[in-house]
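Participant: Quick one, structure for this:
(chains A and B)
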2 protein chains.
Amino acid sequence: MRLYSKEKIQQVIQLNSKVITEVESAFTALQTKKVTMPPIMRIDIPASNGEVDIKSAYVEGYDSFAVKLSSGFFNNPKLGLPSANGMMILIDTTTGEPKAVLADNGLLTDIRTAAAGAVAAKHLSREDSRTVGIIGTGSQAKYQLEALTNVRPIDQVFVYGRNPERALQYKALIEKTFDLRVDVKETPSEAVSNSDVIITTTPATEPVLKAEWLHAGQHVTAMGSDAQHKQELENDVIKKADLVVCDVKEQSMMLGELRTVSNKEILDQVHELGEITSGQKPGRSNDQQLTICDLTGTGVQDTQIARYAWELLNSKEDDSNE
Amino acid sequence: MRLYSKEKIQQVIQLNSKVITEVESAFTALQTKKVTMPPIMRIDIPASNGEVDIKSAYVEGYDSFAVKLSSGFFNNPKLGLPSANGMMILIDTTTGEPKAVLADNGLLTDIRTAAAGAVAAKHLSREDSRTVGIIGTGSQAKYQLEALTNVRPIDQVFVYGRNPERALQYKALIEKTFDLRVDVKETPSEAVSNSDVIITTTPATEPVLKAEWLHAGQHVTAMGSDAQHKQELENDVIKKADLVVCDVKEQSMMLGELRTVSNKEILDQVHELGEITSGQKPGRSNDQQLTICDLTGTGVQDTQIARYAWELLNSKEDDSNE
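Facilitator: Below is the predicted model:
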């Protein structure tokens, strides 16, 4: 068994169209293959304002699967440390032997989460989407944008963050890193109303996106809520949408934006992203639809990205042995 | 974060009275401290006749806790590989940072499981116990015996295994390693009837121990059943016992020997081992009691042994730096 550091992993993996295709195939597998995905194991450490989550998924026929530990300790910033930590352990499905510990410190989660956003945008946003409105200024605000540019011809970003200084830092970072123009907006409605694609990436516990700001033809990816106390979308957003999609319905109803939806008719019409990537259900079918995708994060994405990272790490070692 | 191999861990930890005291304190903590111990996460890989279990426990006030992966892949022996694999990840409870990966390959589980047997024997068997009957010839048959000799003056072992050849191998191994006499018995009843302490350590799915073989003064530790399809003790064994103890009642009722017990009166009288180690309930109170302890394995043992192993590994490094 090998231990790979974040630095090693960073050298081999990029947030490119190949990674997005990998994550897309994970969603397809979720619908077309037999997948064992146990409920998330969660350990809360209230004294440190922390939590550790453990996720896993086995896809029948795959020769390995991942177990992921990820943590958020929200007193860390005061200690000068990042709040997130994490690692993935890749296990051989023939023998149970651990093949590798990927001490990626959350990098692979960031990548697979952003890639899922791109998969949603690829199937649900208008093909000519040029503008994106982002609510939130954290690390996913950057990763989601980077992933989106792989599937849509984005050239203009509108960003809103509660903390104006962090929004300006975000603008500086994006304009330095990518060939994109970023306008910081003073209200979320301004970031939303003129955007083809909207991404909410906040830890909000009260809705940050209102239905009245939305109009025909837009696509919204909400990826912030992944716990019972979180919510980014006003209920009316779901009601107003023509097409509502999520990664895993059961999970979205427990931890995501479907948690507060009680209308059975609406719930019955929600598609899972894998139904669309596999072709079982249509994605966007015209330019007038308002589409929504709620992402809560799934173990099958972790298994896919861990397998892919390990493949890249191995092929790099093969190269250097030549 | 450091990765420690089984070889490194083996150099620092022994199955001695210190380890047994550590595991005893884990059971006490389970009763006297606030412990977060989520249900076991289990992933089955039927195609390989395999399973991966994930356990964890956080004890309030501890500065670290463990997440354990353990697997059993029962086609492995045909491939010339051991069926068990495993590792523990020790996580800092202040920051969530992984402190160490203990790639112990099941060694620490073997040690903490056997140590729990010794804790049970210390509180439940007669102090003058000299003879032990062991049903089963696997690795725990050795570890349980080794642990027991730390707490009781054992000098005679009776062993029964379904496979006579493996029973002879066990005899040879034990007599070579310890100052003990081992008699291989042809029936389980012969191994049981003249023993002060009885240990069942099998993956049996049908009872291997009958009530009619037992008599006053004996103590039985059943540590084989840890899944819904396993059972080592005939129901009448529980009925006949004067004192029934288990590690975690809820778990034993799901995965252990209490699973098939429906008599509420009997269930109400079952003690948890931590109630006895903490002094809340009495252990054996006279030489005539027939006592039973069912062990299914708990995350808090893993947290305790991982913390202890890490402490030993660190103090060894400190030594070598001097």
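Participant: contacting residues around the residue in the stretch 201-322 of chain A positioned nearest to chain B?
Facilitator: In the stretch 201-322 of chain A, no residue comes nearer to chain B than A:Gly299, which is 9.5 Å away by C-beta to the nearest C-beta. The way it works is simple: take the backbone N, C-alpha and C, and place the C-beta from them, glycine included. For A:Gly299, the contacting residues are A:Met37, A:Pro38, A:Ile40, A:Lys55, A:Ser56, A:Ala57, A:Ala66, A:Lys68, by C-beta atoms under 8 Å, 6 or more residues apart in numbering or on different chains.
Participant: top of the residues you listed by neighbour count?
Facilitator: Neighbour count (other C-beta atoms under 10 Å in any protein chain shown) singles out A:Ala66 as the most crowded of those, with 29 neighbours.
Participant: gap between it and chain B?
Facilitator: 11 Å (C-beta to the nearest C-beta, to the nearest Å).
Participant: Now for the contacts of A:Gly299: which two are most distant?
Facilitator: A:Ile40 and A:Ala66 (13.7 Å; C-beta to C-beta).
Participant: Return the residues in contact with the closest residue to A:Ile54 other than its chain neighbours.
Facilitator: The shortest distance from A:Ile54 to any residue other than its chain neighbours is 4.1 Å, reached at A:Met41 (C-beta to C-beta, 6 or more residues apart in numbering or on different chains). Counting by C-beta under 8 Å, 6+ apart, A:Met41 touches A:Asp53, A:Ile54, A:Lys55, B:Pro38, B:Pro39, B:Met41, B:Ile54, B:Ser56.
Participant: check contacts around the residue of the stretch 101-250 of chain A found nearest chain B.
Facilitator: The nearest approach of the stretch 101-250 of chain A to chain B comes at A:Val101, 5.5 Å away (C-beta to the nearest C-beta). Applying C-beta under 8 Å, 6+ apart to A:Val101 gives the contacts A:Met1, A:Arg2, A:Leu3, A:Tyr4, A:Met87, A:Met88, A:Ile89, A:Leu90, B:Leu3, B:Val101.
Participant: ok but it is inside a helix, no?
Facilitator: No. Counting by DSSP: H, G, I helix; E, B strand; the rest coil, A:Val101 falls outside a helix, being strand.
Participant: Distance check, it against A:Leu69.
Facilitator: 10 Å (C-beta to C-beta, to the nearest Å).
Participant: any residues in contact with both of the two?
Facilitator: Common contact partners of A:Val101 and A:Leu69 (C-beta under 8 Å, 6+ apart): A:Met87, A:Met88, A:Ile89.
Participant: Just the pLDDT for the first one.
Facilitator: In the predicted model, A:Met87 carries a pLDDT score of 97.
Participant: Mind listing the strands the helix or strand containing it pairs with, and their directions?
Facilitator: Assigned by DSSP states H and E, A:Met87 belongs to strand A:84-92. Partner strands for strand A:84-92, per DSSP bridges, with pairing direction: strand A:64-73 (antiparallel), strand A:98-103 (antiparallel).
Participant: Can you give me the buried ones in that strand?
Facilitator: A:Ala84, A:Asn85, A:Gly86, A:Met87, A:Met88, A:Ile89, A:Leu90, A:Ile91, A:Asp92 (16 or more other C-beta atoms under 10 Å in any protein chain shown).
Participant: name the element the residue nearest to A:Leu30 when sequence neighbours are not counted belongs to?
Facilitator: Once flanking residues are discounted, A:Leu30 sits nearest to A:Gly274: 4.3 Å by C-beta to C-beta, 6+ apart. Here A:Gly274 is covered by helix A:273-277, with elements defined by DSSP H and E.
Participant: after that helix, next one along is what?
Facilitator: For helix A:273-277, the following helix or strand on the C-terminal side (DSSP H and E) is strand A:291-294.
Participant: Direction included, what does that next one pair up with?
Facilitator: For strand A:291-294, pairing defined by DSSP bridges yields strand A:219-222 (parallel), strand A:243-246 (parallel).
Participant: what's the most buried one of those?
Facilitator: strand A:219-222 (a mean of 29; mean count of other C-beta atoms under 10 Å in any protein chain shown).
Participant: quick one: average confidence on the next helix or strand after that strand?
Facilitator: On the C-terminal side of strand A:219-222, the closest following helix or strand by DSSP H and E is helix A:235-240. Computed over helix A:235-240, the mean pLDDT rounds to 96.
Participant: how about the helices in chain A?
Facilitator: A:6-12, A:17-32, A:107-124, A:139-148, A:164-177, A:188-193, A:235-240, A:249-255, A:264-269, A:273-277, A:299-321 (DSSP state H).
Participant: mind checking which of those helices is nearest A:Pro203?
Facilitator: Closest to A:Pro203 of the helices of chain A is helix A:139-148 (C-beta to C-beta; 10.3 Å).
Participant: With just CA atoms, put that closest one into CSV.
Facilitator: Extracted C-alpha coordinates of helix A:139-148, given in CSV (Å, rounded to 0.1, in the frame of the first residue of the first chain):
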residue,chain,number,x,y,z
SER,A,139,-13.1,27.4,-2.6
GLN,A,140,-16.0,25.8,-4.5
ALA,A,141,-16.9,29.3,-6.0
LYS,A,142,-13.5,28.9,-7.8
TYR,A,143,-13.7,25.2,-8.6
GLN,A,144,-17.3,25.3,-9.8
LEU,A,145,-16.4,28.1,-12.2
GLU,A,146,-13.3,26.4,-13.5
ALA,A,147,-15.4,23.2,-14.1
LEU,A,148,-18.2,25.1,-15.8
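Participant: Let me know the angle separating that helix from strand A:84-92.
Facilitator: Put simply, helix A:139-148 runs at 50 degrees to strand A:84-92, going by axes from the mean of the first three to the mean of the last three C-alpha atoms, to 10 degrees.
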